[in-house]
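Enquirer: below is the sequence, then the predicted model.
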2 protein chains.
Amino acid sequence: MKLLQSTASPFVRKVRVMLIEGGTADQVELVATATTPVDTPADLIAGNPLGKIPCLITDDGDGLYDSRVICEYLDTTIGGGRMIPADGPARWSALRRQALGDGVMDAGVSARYESFFRPEEKRWDGWYDAQIDKITRAVDAMAREVDVLVATLDIGTIACACALSYLDFRFAELGWRDGHAELDNWHASFAERASMQQTAPS
Amino acid sequence: MKLLQSTASPFVRKVRVMLIEGGTADQVELVATATTPVDTPADLIAGNPLGKIPCLITDDGDGLYDSRVICEYLDTTIGGGRMIPADGPARWSALRRQALGDGVMDAGVSARYESFFRPEEKRWDGWYDAQIDKITRAVDAMAREVDVLVATLDIGTIACACALSYLDFRFAELGWRDGHAELDNWHASFAERASMQQTAPS
């Protein structure tokens, strides 16, 4: 299998951290692809018509997307189902926390496009601020369930960790740690794991 | 259970179509919420800190999001698992087609915000055009697997149908049917279902 990816993408990082935590990263070849929101390479389009990373090319040559589908496919087929609980409250907790982390990544990437990628005269503070509001509220929500994050290693925990690390990468000035000492402690500990160290954006 | 929703959202429509197809729509109370990308009501924030619809409030009072997590939760807890195959190739096909439909909705909503919601002097054709490119490629991909859409009623099929109907709702000028007669035939037939008729944007 091949994973079309870039190290700057938090969604890619989520997949890679999950693989490393499960001990199966050696079964997926990493293929770097250079994509921007307005310029998508042909190999990526062939795998994912939406032109987004990550995209998994399975052993059958099929393109699988997006990051959530890839995570579940890999956890099921080679991961032994250890990162996404099969059913019950643990599953809904994991999937909802994944959606929370993914939502921070989405808002963060959107704010990044607004403040960096978009031509300067076309930038709109209203959009940027709304994304930061989403991020702020979502980080507050993570802090309210920090006990679950501390106690649980699953796709939801990984997504939240990757989301916070993305904030460090692109929005250091946001100061998400302010008022969130326990969340900071958890994240600092998680960030030391080999899976996070090996997937830091370059 | 309560679903915080608005009829204009294609992600909400996906959830509602799935419920109606499964015969369980009467178990979920619809609660209208007026949200914009930059102004989110408090009841929605309480359920989903990301401030997005749909948001499900479970019988325990917990907020569940986003649409994919809600669909799987409802299909599992009250739907008898009929709309999301439990495992194997059918599951990956359904989830990937759902991601394809969701991707069209995401790109469509983003293009709509760019061309309608954003202040006129801040609009950027490059962004709008890139979203339309994603949509065009994704519709081409749906057309290539129209046989699967015709033969299968699952969350992937529902997502693709809702995505195409969203294009009709907001991007009629795009002419997605051009060159896609079979996809058009399938969609026209699907759009006649009671589930689609009862969830048309008002």
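Expert: Thanks, I have the structure now. Residues are numbered from 1 along each chain as shown, chains lettered A, B, ... in the order given.
Enquirer: next, A:Asp66: phi, psi?
Expert: Dihedral pair for A:Asp66: phi -90, psi -160, per degrees, to the nearest 10.
Enquirer: how about it, what does it touch?
Expert: Taking C-beta atoms under 8 Å, 6 or more residues apart in numbering or on different chains, we find A:Asp66 in contact with A:11, A:48, A:50, A:52, A:54, B:99, B:102-103. Bear in mind the C-beta positions are built from the backbone N, C-alpha and C, glycine included.
Enquirer: from B:Leu95, how far off is A:Asp60?
Expert: Distance, A:Asp60 to B:Leu95, by C-beta to C-beta, to the nearest Å: 16 Å.
Enquirer: so where do the strands sit in chain A?
Expert: Assigned by DSSP state E, the strands in chain A fall at A:2-5, A:29-32, A:55-57, A:63-64.
Enquirer: picking that back up, neighbour count for A:Asp60 and B:Leu95, which is higher?
Expert: B:Leu95 (26 against 8; other C-beta atoms under 10 Å in any protein chain shown).
Enquirer: hmm, who's touching the helix or strand of chain A with the lowest mean pLDDT?
Expert: For chain A, counting by mean pLDDT, DSSP states H and E, helix A:42-47 ranks last in confidence among helices and strands (a mean of 94). With contact meaning C-beta under 8 Å, 6+ apart, helix A:42-47 is reached by A:4, A:31, A:33, A:35, A:51-53, A:55-57, A:63, A:65, B:137.
Enquirer: could I get the buried residue list for it?
Expert: Buried residues in helix A:42-47, defined by neighbour count with 16 or more other C-beta atoms under 10 Å in any protein chain shown: A:43-45, A:47.
Enquirer: what is the nearest of these to chain B?
Expert: Distance to chain B across the buried residues of helix A:42-47 (C-beta to the nearest C-beta) is lowest for A:Ile45, with 6.3 Å.
Enquirer: go through chain A and flag its longest helix.
Expert: Determined from DSSP state H, the single longest helix within chain A is helix A:88-112.
Enquirer: got the end-to-end distance for stretch A:166-176?
Expert: This stretch, stretch A:166-176, spans 11 Å end to end (C-alpha to C-alpha, to the nearest Å).
Enquirer: mind listing what's buried along it?
Expert: Buried positions in stretch A:166-176, judged by neighbour count with 16+ other C-beta under 10 Å: A:166-167, A:169-171, A:174, A:176.
Enquirer: and stretch A:12-23, by the same measure?
Expert: Neighbour counts over stretch A:12-23 (16+ other C-beta under 10 Å) mark A:12-22 as buried.
Enquirer: can you add distance to chain B and pLDDT and give those back as CSV?
Expert: Formatted as CSV, the buried residues of stretch A:12-23 follow (distance: C-beta to the nearest C-beta, whole Å; pLDDT from 0 to 100):
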residue, distance to chain B, pLDDT
A:Val12, 15, 98
A:Arg13, 19, 98
A:Lys14, 15, 98
A:Val15, 14, 98
A:Arg16, 19, 98
A:Val17, 20, 98
A:Met18, 16, 98
A:Leu19, 17, 98
A:Ile20, 22, 98
A:Glu21, 21, 97
A:Gly22, 18, 95
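Enquirer: gap between the residue of chain A most remote from its centre and chain B?
Expert: The outermost residue of chain A, judged against the average C-alpha position, is A:Glu121 (29.7 Å), by C-alpha atoms, centre = their mean. Noted for A:Glu121: a distance of 8 Å to chain B, by C-beta to the nearest C-beta, to the nearest Å.
Enquirer: got the domain boundaries for chain A?
Expert: Domains of chain A are assigned by automatic domain parsing as A:2-77, A:88-193.
Enquirer: out of those, flag the one nearest B:Asp39.
Expert: The closest of the domains of chain A to B:Asp39 is domain A:88-193. By C-beta to C-beta, the value is 8.2 Å.
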